[in-house]
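[1] With the input below, show me the fold.
(2 chains)
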Amino acid sequence: MAGQKKTLLKVIILGDTEVGKTSLMQQFINGKFSQQYKATIGADFLPKDMIIDDKNITMQIWDTAGQERFQSLGVAFYRGSDCCVLVYDVTNLKSFENLTSWRDEFLIQANIKDPDNFPFIIIGNKIDLEEGKRLISTKKAQALSNSLGNLPYFETSAKESVNIDQAFEVVARCALKQEEIMEFNDDYTDAVNINVDDDNYNNCAC
Amino acid sequence: MSKQSSITPQEQQKLLDNSISIIKSEIYQMRKCLDNKHKLMDALKHASNFLNELRTSSLNPKQYYELYILIYDGLNYLTLYLKDNGNNNNNNKSNTNYLIDLYELIQYAGNIIPRLYLMITIGSIYLNNKDAPINEVMNDMLEMCKGVQNPIRGLFLRYYLIQRTKNYLINSASSNDDKTTDNIINFIINNFIEMNKLWVRLQFQGHSSEREKRIIERNELKILVGSNLVILSQLDSINLKKYNELILPEILKQIINCNDSIAQNYLLDVIIQIFPDNFQISSLKIFLNSLLMVNMNVNITLLINSLIDRLIHYKLRNNDILNDNSFLNEFIKFIKKLNEMNVEFSINDYCLILNEILKLSLIFNNDDNYEIINLIYQLSIEKYELSKDKKDSDKFKIILKSIKNFKNFQDFLKINDENYFKLFNLQSMKVKNEISNIIINKIIENNIIIENEDELDRVFKYFNKSILFKDGVLSNEHISDTKLDLFGEINNKTTKLSLDDNDKSQKDMKFKNNLKISKFINFVYNKDINIQRKLLEKIENYLSNGNEECQIDIIPTLIYKYMKLLTDMKSISNEEENIDVKEMNKIFNKISKLIEIIKEAEPIEAIRLNLDNAILSNSINLNNITYEYFIETFIIYEELIIENKIQYESLIIIINTLMSMDNMIINDIEEFDKLILKATLYGSRLMKKSDQCRAIYKSSHLWWINKDSEEGEGDDDEGEEDTTPITLKRDDKRVLECLQKSLRIADSISDRNIAIELFIEILNESVYYFIHGIESVSIRYLNGLIELISNSFKENGRSEIQYGYYERTLKYIKAQRPIDSRFFDIVTV
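    Numbers count the residues shown, from 1 in each chain, chains lettered A, B, ... in the order given. This is a model prediction of the structure:
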């Protein structure tokens, strides 16, 4: 009767405004693409169940607001992530240049213990747009991925569903690997000892 | 409860760290219990323990959010467990019962915060069950949440409700019937209304001295309230009708009624950002109407800006979809009403809004676009008329600058510009000049040819009131003062220098403007010479009413345009073999009058123009006119050219021009002789002897003029040998006289080096005449010159430069011997 234990993975998608973060997530999870642009407000996630190497996993994919004004409560939700997806728009140079600062910001805010080994994945989106509009070559993006520590790099089109599943499968594998390392290191154990004596909350404060 | 204010940031951080470690530890223990299936009750106990940490009142919103996120992640494990437990249970019924039992059991939890979080956790799993009494559960959860009235705790609790139920809401709204959808919409709107109330109420909590702090906190919390609207925007089954009739009016009603500027600023912006483009357009009327009812501290301008930016993006992305521009009228109605309701509404903001509407209108190509644009100009004028401060007019500058964004600038020459022109006239001279410059730049940039009188009138209408204007602010008295003595005195340059920087920069400005107009004039063209003539006469007329500096700077360009016209007339009449001498004469007369206007200010330019026209009239064989141009040149030379260097340079140009007067020589030699005699005499009257000498030997060529034969069209290859020149004029005696005279002058120069140099130059001229067979310049004459030069070198020593020149001349002579045996007789040792 009892099935295998399900593993919960947390993935964060970051990148400048209008690079297509929400579209990537929607395409991956619902297989849908909308021409309509809707800004993302705050942070929001969608779950996706997958099987990776016979393991049942639920991937919680957090879509975030690219515009700072819609991130008023800060980015506490970065914490506990197992993988971070950095997205840029291949026709928008600024969005590419900002990748490094998104990564650095993530490492600081998520309080990552071992930044050198935390899994990031780079996605260059909107490759469906005509060749003339493209500003960042594969070579250039590859070079950046290499310089940031041989990060996996994908070129996708959320609109035409190109390379989405491939990219997210790698995301899931990286996240799973990271989660296993975390389980092994188990950073809760210190705290446990302090609070074994529980049961001190009984009176209502409301 | 309001102990919060006395807590230091350090203490807060400590509390936060403590809570975090408790939560982490309790989550860890909960997970251990869940892994061991029989310990669900213990797991719930641990969950309740970490949820207790959310009861705090001591943290700020961002810190509270940190705890919330940790707890949210923790409750995910619980959710996953409960869901799995259900899925593994084959009997659906018993799963339902299991959840109902659990839902009931949770009600007995001691504290309200853990109780409600757990209730929502279980309830939202329950909602996914087919047999669940969905409406009851949903209503129950909504009702129970009312139990928490502390703003921060309440907002996060309700945020949890909407986050947990989100998947159910989105999925069932897309798959179910209309009634379910309506229920879901109501559920979300209900939660939104409650959250907005909590959020607004936070403003009035605590001591009034903490107002600023409250504002900061509220701004941080805003995304929680907005999340309800985000989920509404994600419901696929919502169509335009539902949005316009149910959702938007309900949300707007709430936003307006709370009369809170922070809430209004944020939530209205969220509506603009998250609902689809076509929704924005179809709901424009409702949305704009509510903007008229907001709190006076709401930044309407920013919201309109945000909305219009969105619509512009929409149009640019989907040019084919959005063709109907009738919604623009909603904006017009809006701004009209806004002005009626609030006469004091700031002119700055009013203009910014109008400008946004203009920007949006201009990306459409529709025929009625310009009506709307015209209306906007009219509204600008009306607003200005309400203002008491006349200086406000400059604020409308951005509206006038809108013409920059015309898709097709040609339109500017055609549209009804009555209102635009009125608005233009209200501006200061500086702004008017700026606008005129934009007009010119756009014409040049877009390569727009002005080809009829209406278009020309349109453009000059603006110039007349600005850059051409006689008493423009820029031409202050200082400048006109110096103008009076500018040309009467030799040292006018020093007078110019004494102007202060301000005047100078103003003068530079004017010059730049005039340069622009000159450029513009080059874009006036119609290939029909009669129309083109009318166009030029119109420009002339406009200029004659303009300020003097303008005339002086621009007239040369106009003259060249007239000359081009004459050239065109000539080529046409060549074809028709019928030269309209009378009309051409008239135009030449016009040109003469124009030169007359500028000659005092720009005598050198005037000479050049006269000579160019002499060349032109000579080519048309209008010898009288050619003669007059020379006479006019001579008058300017005598009266207005004072500096000796310039005299010399001008004279050389005059001599060179005279040499090319072939038609005049052929047809009117007497008049020509008068002219060349005069020119030669001018040479002898120059101040410096070296200039005299050079001018005179150059004049010698005026008595001996050849013209290259014009035949040889057929035989290109042998063309070189065929060009034996036709002699137009040959007066050996005069040539020799000139050479002799220049030689005497050279000899009289006391600086021998200069004298020798001039001797060599004369030798070179003489060799030229010798080659061309002028008898008076004989071998004996050349030998005499060579002897004179070599003797002079002996007496004065060999200056390197002059001697080198001499040697090259001798070398040339020797090189002629194989071709012309006469050269053997020239002594070159």
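
[2] Sketch out the low-pLDDT regions of chain A for me.
    A:1-4, A:184-206 (pLDDT under 70).

[3] Would you agree A:Asp49 falls within a helix?
    No: using DSSP: H, G, I helix; E, B strand; the rest coil, the assignment for A:Asp49 is strand, not a helix.

[4] I figured it hits A:Ile57, correct?
    Yes: between A:Asp49 and A:Ile57 there is a contact under Cβ atoms under 8 Å: 7.3 Å. Just so you know, the C-beta spots here come from the backbone N, C-alpha and C atoms, and that holds for glycine as well.

[5] just the strands in chain A please.
    A:7-15, A:43-52, A:55-64, A:83-89, A:120-125, A:153-155 (DSSP state E).

[6] which parts of the third one are buried?
    By neighbour count, with 16 or more other Cβ atoms under 10 Å in any protein chain shown as the criterion, the buried positions of strand A:55-64 are A:57-64.

[7] so does it get close to chain B?
    Yes: Strand A:55-64 comes into contact with chain B (Cβ under 8 Å from any Cβ of the partner chain), by way of A:58, A:60.

[8] same thing with the second one?
    Yes: residues of strand A:43-52 contacting chain B under Cβ under 8 Å from any Cβ: A:44, A:46-47.

[9] Mind picking the one among those that's closest to B:Ser436?
    Distance to B:Ser436 across the residues of strand A:43-52 next to chain B (Cβ to Cβ) is lowest for A:Asp44, with 53.0 Å.

[10] tell me the domain ranges of chain B?
    Per the record, chain B has its domains at B:1-132, B:321-427, by automatic domain parsing.

[11] Select only the buried ones of the residues of strand A:43-52 next to chain B in ChimeraX?
    Command for ChimeraX that selects the buried part of these, burial taken from 16+ other Cβ under 10 Å:
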select /A:44,46
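
[12] I'd like the residues of strand A:43-52 next to chain B as JSON lines, with distance to A:Ala143 appended.
    Converted to JSON lines, those look like this (distance: Cβ to Cβ, whole Å):
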{"residue": "A:Asp44", "distance to A:Ala143": "33"}
{"residue": "A:Leu46", "distance to A:Ala143": "32"}
{"residue": "A:Pro47", "distance to A:Ala143": "35"}
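
[13] For B:Asn408, state which of the residues of strand A:43-52 next to chain B is nearest.
    Closest approach between these and B:Asn408, by Cβ to Cβ: A:Asp44, at 44.1 Å.

[14] Might you report the residue contacts of the closest one?
    A:62-63, B:163, B:166, B:227, B:230 (Cβ atoms under 8 Å, 6 or more residues apart in numbering or on different chains).

[15] could you redo the last one with a cut-off of 6 Å?
    A:Asp44 is in contact with A:Asp63, counting by Cβ atoms under 6 Å, 6 or more residues apart in numbering or on different chains.

[16] ditto for A:Leu24
    A:Ala158.

[17] Next one: it from chain B, what distance?
    To chain B, A:Leu24 is 16 Å away according to Cβ to the nearest Cβ, to the nearest Å.

[18] hmm, which helix or strand of chain B has the shakiest average pLDDT?
    Lowest by mean pLDDT, DSSP states H and E among the helices and strands of chain B is helix B:477-486, with a mean of 37.

[19] distance of the nearest residue in space to B:Tyr781 that is not next to it in sequence from B:Lys689?
    Leaving aside its sequence neighbours, B:Tyr781 sits nearest to B:Ser766 (Cβ to Cβ, 6 or more residues apart in numbering or on different chains; 6.6 Å). Remark: distance between B:Ser766 and B:Lys689 (Cβ to Cβ, to the nearest Å) = 19 Å.

[20] next one: B:Glu194
    B:Glu194 sits 106 Å away from B:Lys689, going by Cβ to Cβ.

[21] Equivalent analysis for B:Ile655, please.
    In terms of Cβ to Cβ, B:Ile655 sits 18 Å off from B:Lys689.

[22] next one: B:Gln280
    Using Cβ to Cβ, we find B:Gln280 at a distance of 86 Å from B:Lys689.

[23] buried sites along the top helix by length along chain A?
    As assigned by DSSP state H, the longest helix anywhere in chain A is helix A:164-185. Residues A:164, A:167-168, A:170-176, A:178-179 are the ones in helix A:164-185 that count as buried (16+ other Cβ under 10 Å).

[24] Take it, keep the C-alpha atoms, and write them as CSV.
    Taking C-alpha atoms only, helix A:164-185 is exported to CSV below (Å, rounded to 0.1, in the frame of the first residue of the first chain):
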residue,chain,number,x,y,z
ILE,A,164,11.5,23.7,-22.2
ASP,A,165,11.2,20.1,-20.9
GLN,A,166,14.8,19.4,-21.5
ALA,A,167,15.8,22.4,-19.5
PHE,A,168,13.5,21.6,-16.6
GLU,A,169,14.6,18.0,-16.5
VAL,A,170,18.1,19.2,-15.9
VAL,A,171,16.7,21.7,-13.3
ALA,A,172,15.0,18.8,-11.5
ARG,A,173,18.1,16.6,-11.6
CYS,A,174,20.3,19.4,-10.2
ALA,A,175,17.7,20.2,-7.5
LEU,A,176,17.4,16.6,-6.5
LYS,A,177,21.1,16.2,-6.2
GLN,A,178,21.3,19.4,-4.1
GLU,A,179,18.4,18.2,-1.9
GLU,A,180,20.2,14.9,-1.2
ILE,A,181,23.4,16.8,-0.2
MET,A,182,21.3,19.0,2.1
GLU,A,183,19.6,16.0,3.7
PHE,A,184,23.0,14.5,4.3
ASN,A,185,24.4,17.6,5.9
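
[25] Great, nothing more from me.
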